[in-house]
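>>> here you go, sequence then predicted model.
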Amino acid sequence: MVEYMGREQMRAADADRQQVAEQLRAALEEGRIDLAEFDERLRDAYAAKTYGDLDRLLTDLPNAAPVVPAPPRAVAPAATGQRDRLTSAWLGHVWGQWAKALVFFTLIWAFGSIFSGEPVFYWPVWIVGPWGLVLLVRTAGGLASGEPRRHALEEEHRRRLREHRHERKMLYRRAIAAGELPANPSKQQRKAFIAEAMARGDLPPKPRKPDGEG
């Protein structure tokens, strides 16, 4: 019992969620669950965090096999280089606007000095100085708390969402052209169409928001 409860609380991987999704598709094809149940369980599967969450989606399916934990992936030799790239991208995100403002105000100051014919106090320091100090504090805290990796996960999530929306629009257009959907489908029609497309494997589930866990 202790081992079982321990397994229930273990974190599931994407490969584990995919195992459950495949078993749910088989149950849908066998008629054990209907389309609405499949859609609901599939979303729960891809949102599951632990093996217990996944197991509960299969308890009433007689032919469903227990989820076999996916083997851990070996750490890539280039992990250090990847961390450096993530850190550089995050620093560019944090300091990008500051750098643009520094160049902009410095150019204004330089032209003012030239036109006045005499040196002018470098007044942009009152703008970029305090701003830079705030960013230094944010940078130190962000590097200590793993902010570069979270930023990269969020950027990847947004990219996958854009791709998912594009795939969904293309499916709508093809279905409308083929007469499978009306020109202006209702919300329920779109929802049912997407559920069927996911069941067929024509459209992956909507990407889950990252929780920052590896």
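It's in.
>>> what number of residues lie near the spatially closest residue to Glu155 that is not a sequence neighbour?
Spatial nearest neighbour of Glu155, excluding adjacent residues (Cβ to Cβ, 6 or more residues apart in numbering): Ala89 at 7.9 Å. Just so you know, the C-beta spots here come from the backbone N, C-alpha and C atoms, and that holds for glycine as well. By the measure other Cβ atoms under 10 Å, the count of residues near Ala89 is 14.
>>> you'd agree Ala89 is up against Pro148?
Yes - at 7.1 Å, Ala89 and Pro148 qualify as touching, with contact defined as Cβ atoms under 8 Å.
>>> pLDDT below threshold where in this structure?
Along the chain, the parts satisfying pLDDT under 70 run over 1-7, 64-66, 68-79, 210-214.
>>> domains of it?
Following automatic domain parsing, the chain resolves into domains at 11-72, 82-145, 159-200.
>>> out of these, deepest packed?
Compared across the domains of the chain, domain 11-72 shows the largest average neighbour count, a mean of 16 (mean count of other Cβ atoms under 10 Å).
>>> so what's the gap between it and the chain middle?
In terms of Cα atoms, centre = their mean, to the nearest Å, the centre of domain 11-72 is set 21 Å apart from its chain centre.
>>> and for stretch 148-159?
With Cα atoms, centre = their mean, you get 6 Å for stretch 148-159.
>>> pull out the buried residues from it.
By 16 or more other Cβ atoms under 10 Å, the buried positions in stretch 148-159 come out as 148-153.
>>> adding distance to Ala195, write those residues out as TSV.
Output for the buried residues of stretch 148-159, formatted as TSV (distance: Cβ to Cβ, whole Å):
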residue	distance to Ala195
Pro148	37
Arg149	33
Arg150	31
His151	33
Ala152	31
Leu153	27
